[in-house]
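Undergrad: task: produce atomic coordinates for the following.
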Amino acid sequence: MPMRTEPTWRIPFGILSLCIALAAYALAVAFLVAPAIQDWPVPVQTPVYLLLGVAWLLPLRRFLIWMETGRWRHDT
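TA: A predicted model of the protein is given here:
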């Protein structure tokens, strides 16, 4: 793939979108999940928070590919 010579709007838009989406996800976890599991024992809460803390990474690969290439999949 040739190197990009002109700036693209996707990178600043993508970074801003990622920050907004991550903040919304964190608020959703804090206000929806936390009250629902606050009475659970800490050893049970821990895997839930670990899973939720990593879950936002799942769509990140395709989003970063789109930011760089404008396509949703990396065609090799």
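
Undergrad: tell me where this protein has strands.
TA: Applying DSSP state E to the chain gives no strands.

Undergrad: can you tell me the closest non-neighbouring residue to the residue nearest the centre of it?
TA: With the centre of the chain defined as its mean C-alpha position, the nearest residue by CA atoms, centre = their mean is residue 56, 3.9 Å away. Nearest in space to residue 56, with sequence neighbours left out and distances taken as CB to CB, 6 or more residues apart in numbering, is residue 25 at 5.3 Å. C-beta: built from backbone N, CA, C; applies to glycine.

Undergrad: how about residue 29?
TA: In space, and not counting its chain neighbours, residue 29 is closest to residue 52: 5.4 Å by CB to CB, 6+ apart.

Undergrad: one step back: surely the residue nearest to the centre of the chain touches residue 23?
TA: No - Residue 56 is beyond contact range of residue 23, at 10.9 Å (criterion: CB atoms under 8 Å).

Undergrad: in this protein, which helix or strand is least confident?
TA: Across the helices and strands of the chain, mean pLDDT, DSSP states H and E gives its lowest value to helix 60-69, namely a mean of 87.
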